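Engineer: sequence first, predicted coordinates after that:
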Amino acid sequence: MFGWILCRSSQTQEDSMNIIIAGDGKVGSMLTCQLSGEGHDVTVIDCDDRVLAATVDRYDVMAVHGNCASMDILMQAGVKDADSVLDAFAAIADGEYTFISRGDGSGTHSKELSLWPEALGITKDPASFANYTKWYVSANAGMGACLVMAEEMGAYILTDKATFLTFVANDGVMG
């Protein structure tokens, strides 16, 4: 199971993605701030009208009131037009944006490897990404260390939700 793609680097309009954020709590709000600030088209779904109103006042985003587990609400939010995680990984590769990989054979690393465009041929074998080391960093480290590295380098990363929430709660300090 994967958690979130954390977008850190600047985007141009042509790199903009159509993203749906389910829930406008602490994590959803932080993602909305980050992703809308990078110029992505963001739609936020939440059950609380007041929270959504504040979000729309603060950021250039669309808001849909309702339960994000409802197919009708997801359709209203434009789920058919949203970019997938595969689209996100393809955009990272196409733009050669720095990406931090755990590179350690963990479940998160295995999931990440399955998300790269097949044509790249990225596998756990270091030779498979030798041509991509300008932007693909195999850290061979735990999730906490990789999150800190991604933050410091302004890089993308795939992380599990629990470690990400700890990272946010600790203001980026992992120990």
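Structural biologist: Noted; the coordinates are in hand.

Engineer: what are the ranges of the helices in the protein?
Structural biologist: Secondary structure of the chain (DSSP state H): helices at 26-37, 49-58, 71-77, 85-95, 107-115, 143-153, 161-169.

Engineer: so how far does stretch 155-172 reach from one end to the other?
Structural biologist: End-to-end distance for stretch 155-172, by Cα to Cα, to the nearest Å: 14 Å.

Engineer: circling back: can you tell me which of the helices of the chain comes nearest to residue 20?
Structural biologist: Closest approach to residue 20 among these is made by helix 71-77 (5.2 Å; Cβ to Cβ). Yep, even glycine has a C-beta here, placed from its N, CA and C like the rest.

Engineer: that closest one packs against which elements?
Structural biologist: When contacts are defined as 3 or more Cβ pairs under 8 Å, 6 or more residues apart in numbering; DSSP states H and E, helix 71-77 sits against strand 41-46, strand 62-65.

Engineer: what pLDDT, on average, does that helix get?
Structural biologist: The average pLDDT for helix 71-77 rounds to 85.

Engineer: let me see the contact set for the closest residue to residue 165 other than its chain neighbours.
Structural biologist: Nearest non-adjacent residue to residue 165, counting by Cβ to Cβ, 6 or more residues apart in numbering: residue 27, 6.6 Å away. Counting by Cβ atoms under 8 Å, 6 or more residues apart in numbering, residue 27 touches 4, 161, 164-165, 168.

Engineer: re earlier: residue 132: which of the helices of the chain is closest?
Structural biologist: The minimum distance between residue 132 and the helices of the chain falls on helix 85-95, with 7.6 Å, by Cβ to Cβ.
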